[in-house]
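*Asks:* Quick one, fold the following:
(2 chains)
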Amino acid sequence: MVKNLVPIVSIPEVATIVDIRDEIEEVKSFYFTLDRPEIEEAFKIRSGQFIMCTVFRAGEFAVSLPFSPENDRKHISVRKVGKVTAALHQLEPGDKIGVRGPFGNGFPFEEIKGSNIIYVAGGIGLIPLRSSIVHVLQHRQDFGRVILVYGAKSSKELMYKESIREWQATENFETHFTIDRPEPGWSGEVGFVNHLTAKLDLPVSNTVAFVCGPPVMFNAVIKELKLKGIKEQNIYSTLERHMKCGIGKCQHCAIGRTLVCVDGPVYTYKQIRTLGEQI
Amino acid sequence: MYWLTKEQLPLLVQKLAEEYKIFGPRHDRVSGEVIFDHLPDLSELDLQAAIPYNPPKFILFPHYEEILKYRYQPETKKVRIEQLNLLEPKALIGLRSCDLTGLLCLDRFFLDQEYVDEFYLAHRKKLFIVSNTCIRPFPQCFCVCTDSGPAAREGFDLDLTFTGRDYLVEAGSKKGQALVEELNLVEADSESLNLKKQIIDDSVSSFDRFALENKAWISRATNRLTTGFIKPEVWEYIGNQCFECGACSFVCPTCSCFNIEDANLASGETSRLRTWDSCSFEGYTKMAGDHNPRKPVEDRRNKRFFCKLSYSQSKKYLRPGCVGCGRCARVCPGDIGLPNVVTYIRREITGESGE
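*Replies:* Predicted structure coming up:
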């Protein structure tokens, strides 16, 4: 995978929140622009990378980037889950945040051209996959079948409804949705995303899969994909860890011999299986 | 090689003090314990003192340090981020070879990986290092097992070897050489080269008599740690003795995990602090929402020894992460310093029964 352009390493760059959207309960998207024009210009990412985001007077946290490297508005989508993210949720358009990064390896893009792609997401696991989906759809002709299998607890928990509608308008983009329990007005599947994955007629040869979601869902989906015959080295995921520096020094994100911030966060399932620690 | 007489030593220190803040081994006034510390009073420097209680890593990587400061005014939406000047010329005098090796490990870890740690670099930029050969090992030492002593081989500006009255001096850098010339030190003859070699050989051969506390023949443990073929029971046995106090990490010359916190000050500013951390703490890997991928203590414990001895970690340090100073064994209330852990792993390999 290609290494990145020069990221913002130690001192955060100030950014302005220009827009905030409610996605699902406790999850908001924060659209931002970097204050210094030359930095805004130079800030380039690869799908799957992350930034360290400073909420002033609260702290810093690692967060995946859901926007495409090309022609997409910069934003992060964040669940209110701890001290710093709760402080972020208090912010309003016009407020400032700090940005370091982008860090990490990112999903393969050039390497998988010509392949079929299956995205399998559970809940807010769609956030880190969004960037790759948008990027692939922007280059739709370079890929084979592109399929999204997406599950959540309920229809209210499905992320990025607006983006999904746009994607569905793209030619040759297959989508399959499921929710855990039946709901009035729901016409899609009911059940866990791994069961839906098992039922679908999915391509196997020349196919890569991107899987992201809670550990239980992740393991169940991997099992189904492997049963179908997709190779471990063609299944990608992105891992989350408690991170403090983002540049491979604080060691908080160590899993076995790798550091998620510099060696990851994107790993193939083959790599994950041999890390020597639970994910 | 040069001779530095006992009388010339204070001159050398004085000369360095003109340009550098001086650190070295001294006796703590209360406990009598040898500590490696800042020396406002240069006469407190004691090059004959035993191996210091603490390694010198805090000089480059402080226990806690303000790495940046900012002021955010929510009303006006103004942010001012202040980058701090951490650059300060410092001289480390009387560094033992284990501690110098530890420092070189930190250099490789902080400066030679994908990213350079700018804060460490600032401390490292203007450093003068005077190493000191251990002419006799201390009870806790096992640097001969970890290839990091008893004499320094690289990384020093000046290297001292005590010969009974005076010191043999080797310059290891241009600035070391310049200082030697400035002090007009007498050049040593070829016989003195042999003398230094003899002193080091004598020191190595006296480990069996003096370094009685610890032994850690690490190579076979390294193999096992790298391949992961160590029974879970061994880690459980080790984990059961761990008090999770973090002392081993704090006295280790190569442990460098840290935490970062933003602390709001009464002045309205916020201080971003980097503080020492340890993989033995439960909260170390805990994520927001309380998910913790590492739970049992033995799970966390084996990470430290993996870090010290595995081949994959050695690739970052270009040597094993343990430098044989014996400090972890000295401070551990649970008796699972690195030498004992190596013993437990070797016992498993050889099939000897444990206690």
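*Asks:* So what's the residue count around B:D99?
*Replies:* 29 (other Cβ atoms under 10 Å in any protein chain shown). (Each C-beta comes from the backbone N, C-alpha and C, glycine too.)
*Asks:* pretty sure B:L60 is touching B:A122, no?
*Replies:* No: if you go by Cβ atoms under 8 Å, B:L60 and B:A122 don't touch, sitting 9.2 Å apart.
*Asks:* more crowded one of the two?
*Replies:* B:L60 (22 against 16).
*Asks:* Specify the local secondary structure of the closest residue to the more buried one other than its chain neighbours.
*Replies:* Nearest-residue entry for B:L60: B:H123, 4.3 Å, with adjacent residues in sequence omitted and distances by Cβ to Cβ, 6 or more residues apart in numbering or on different chains. B:H123 falls in the helix class when you classify it by DSSP: H, G, I helix; E, B strand; the rest coil.
*Asks:* pLDDT weak spots in the chain?
*Replies:* Defaulting to chain A. Applying pLDDT under 70 to chain A flags residues A:1-5, A:278-279.
*Asks:* oops, chain B please
*Replies:* Checking chain B against pLDDT under 70 turns up B:298, B:352-355.
*Asks:* Report the central residue of the chain.
*Replies:* Unless you meant another one, I'm taking chain A. In chain A, the centroid-proximal residue (Cα atoms, centre = their mean) is A:P128; its distance is 0.5 Å.
*Asks:* that answer is for a different chain, and I need it for chain B
*Replies:* Chain B has B:P253 as the residue nearest its centroid, 2.0 Å off, counting by Cα atoms, centre = their mean.
*Asks:* Nearest to chain B: which residue in chain A?
*Replies:* Chain B sits closest to A:G82 of chain A, with a gap of 3.0 Å, by Cβ to the nearest Cβ.
*Asks:* What helix or strand is A:E38 located in?
*Replies:* Per DSSP states H and E, A:E38 falls inside helix A:37-42.
*Asks:* C-alpha coordinates for that helix, PDB please?
*Replies:* The C-alpha coordinates for helix A:37-42 follow below in PDB (Å, rounded to 0.1, in the frame of the first residue of the first chain):
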ATOM      1  CA  PRO A  37      -5.800  27.600   3.300                       C
ATOM      2  CA  GLU A  38      -2.500  25.900   2.400                       C
ATOM      3  CA  ILE A  39      -3.300  23.100   4.900                       C
ATOM      4  CA  GLU A  40      -6.800  22.700   3.600                       C
ATOM      5  CA  GLU A  41      -5.300  22.400   0.100                       C
ATOM      6  CA  ALA A  42      -2.600  19.900   1.100                       C
END
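*Asks:* Name the residues of that helix that are buried.
*Replies:* Residues of helix A:37-42 classed as buried by neighbour count (16 or more other Cβ atoms under 10 Å in any protein chain shown): none.
*Asks:* what are the ranges of the helices in chain A?
*Replies:* A:37-42, A:83-89, A:126-138, A:161-169, A:193-199, A:215-228, A:269-273 (DSSP state H).
*Asks:* okay, those, which one's buried deepest?
*Replies:* Of the helices of chain A, the one with the most neighbours on average (mean count of other Cβ atoms under 10 Å in any protein chain shown) is helix A:126-138, at a mean of 23.
*Asks:* So A:D142 versus A:V136, what's the distance?
*Replies:* 8 Å (Cβ to Cβ, to the nearest Å).
*Asks:* show me the contacts for the nearest residue to A:N71 once chain neighbours are set aside.
*Replies:* In space, and not counting its chain neighbours, A:N71 is closest to A:Q138: 6.9 Å by Cβ to Cβ, 6+ apart. When contacts are counted by Cβ atoms under 8 Å, 6 or more residues apart in numbering or on different chains, A:Q138 is found next to A:S68, A:E70, A:N71.
*Asks:* neighbours of whichever residue of the stretch 101-250 of chain B sits closest to chain A, just the number please.
*Replies:* Using Cβ to the nearest Cβ, the closest approach of the stretch 101-250 of chain B to chain A is made by B:Y115 at 3.8 Å. A total of 18 residues lie near B:Y115 under the criterion other Cβ under 10 Å.
*Asks:* May I have the phi/psi pair for it?
*Replies:* Dihedral pair for B:Y115: phi -110, psi 150, per degrees, to the nearest 10.
*Asks:* ok, it touching A:I247?
*Replies:* Yes: assessed by Cβ under 8 Å, B:Y115 is found in contact with A:I247 at 3.8 Å.
*Asks:* and the stretch 201-350 of chain B, which of its residues are near chain A?
*Replies:* By Cβ under 8 Å from any Cβ of the partner chain, the residues of the stretch 201-350 of chain B that approach chain A are B:228, B:256-262, B:264, B:270, B:272, B:277, B:279, B:284-289, B:293-294, B:299, B:303, B:306-307, B:310, B:312-313.
*Asks:* Quick one, which of the residues you listed are buried?
*Replies:* By 16+ other Cβ under 10 Å, these give B:256-260, B:262, B:270, B:272, B:277, B:279, B:284-288, B:293-294, B:299, B:303, B:306-307, B:310, B:313 as buried.
*Asks:* any idea how far the residue nearest to B:L60 is from B:F61?
*Replies:* 7 Å.
*Asks:* Which one's more surrounded, these two?
*Replies:* Shown here are B:H123 and B:F61; by other Cβ under 10 Å, B:F61 has more neighbours (22 against 19).
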